[in-house]
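S.K.: pasting the structure only:
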């Protein structure tokens with residue numbers, strides 16, 4: 001008899017594509033697995049106006065509801081974009097059972113119709129509006145393009161591009177509107193998942209814009225005591241991505257970063273060695289600290305802890321504290 005696994009996911013096009021990939025890999029690894037996708041409309045999906053901070057950050061907006069269904073036994077597993085999972089807090093009863101191989105981790109620039117990358121470069125963004133909801137991307141945008149106006153911009157990946165093309169205004173929680181946007185900063189992996197990679201006008205290098213912790217990694221979470229599901233998920237786990245996830249998320253743990261903290265981190269593995277770079281910015285992009293270290297690839301958390309502590313020694317705690325909502 002086939003083993004049935006119910007995987008919870010958001011309703012967005014990208015989330016469904018990611019969950020579909022998990023299902024394909026599970027059934028390819030074991031023909032006796034029957035995967036059912038259970039769709040959730042999370043608070044972050046139903047409210048396309050408010051800043052995510054009002055829902056407890058990305059964790060409260062996109063993760064909490066699906067996690068609760070796993071804890072209650074309604075689901076055997078949950079799909080998350082790793083960058084949406086809070087890294088500064090424990091989730092008793094849950095564990096990451098698998099991470100898929102990492103998709104391209106970088107950020108890209110998407111331009112409205114009629115605006116070329118040459119025009120953008122000449123102006124350095126002066127007089128233009130860049131839309132993003134990520135405080136990290138906003139901080140880096142202000143650092144790279146001091147004369148640009150960064151505006152709050154919400155929606156799934158395909159929705160944001162549609163709003164950009166239609167010159168739609170973005171509603172704000174207090175009823176005001178901003179926009180329309182001239183450009184968006186988005187994750188390359190997300191655009192590829194929804195079939196919009198052709199809209200990429202420019203790809204930021206890792207040195208220009210360090211990715212969010214876990215960006216490009218799909219994680220599958222399950223109950224810590226559900227050994228059958230953990231065994232099944234281990235069959236699709238990518239050990240390189242999992243080690244990178246452990247190292248990068250350890251930085252968040254050490255820094256006790258919150259959803260309004262512009263924190264970035266990215267790691268790579270070459271043979272038996274792992275390298276990790278992480279940064280902390282203030283929201284204006286004016287204050288910027290960075291730390292890079294390398295170490296044994298089989299001790300990722302130790303490396304993440306060392307990088308996090310170095311950032312604290314350089315003053316990260318003060319920047320993070322000043323960014324906390326009052």
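M.R.: Ah, there it is. The structure displayed is predicted, hence computed values, not measured ones. Numbers count the residues shown, from 1 in each chain.

S.K.: run through the residues that contact the spatially most central residue of the chain.
M.R.: Closest residue to the average C-alpha location of the chain: residue 83 at 2.8 Å, with CA atoms, centre = their mean. By CB atoms under 8 Å, 6 or more residues apart in numbering, the residues touching residue 83 are 58, 211, 212, 213, 214, 215, 217. To be clear about C-beta, it is placed using only N, CA and C from the backbone, and glycine gets the same treatment.

S.K.: which of these scores worst on pLDDT?
M.R.: Among these, residue 58 carries the weakest pLDDT, at 43.

S.K.: break this structure down into its domains, please.
M.R.: Listed by automatic domain parsing, the domain ranges of the chain are 1-100+217-237, 107-203, 239-326.

S.K.: per-residue pLDDT, residue 259?
M.R.: For residue 259, pLDDT reads 67.

S.K.: my bad, residue 88
M.R.: So, for residue 88, pLDDT stands at 68.

S.K.: before we move on, back to that, distance of the residue nearest to the centre of the chain relative to residue 263?
M.R.: Relative to residue 263, residue 83 is positioned 11 Å away (CB to CB, to the nearest Å).

S.K.: common neighbours of the two, please.
M.R.: 212, 213.

S.K.: isn't residue 139 up against residue 262?
M.R.: Yes. Taking CB atoms under 8 Å as the definition, residue 139 is a contact partner of residue 262 at 3.9 Å.

S.K.: find residues that contact each of the two.
M.R.: Counting by CB under 8 Å, 6+ apart, the residues touching both residue 139 and residue 262 are 281, 282, 283.

S.K.: neighbours around residue 27, how many?
M.R.: 15 (other CB atoms under 10 Å).

S.K.: right, and it touches residue 33 too?
M.R.: Yes. The pair residue 27 and residue 33 qualifies as a contact (CB under 8 Å) at a distance of 5.5 Å.

S.K.: mind checking which helix or strand residue 241 is in?
M.R.: For residue 241, the element it lies in under DSSP states H and E is helix 239-255.
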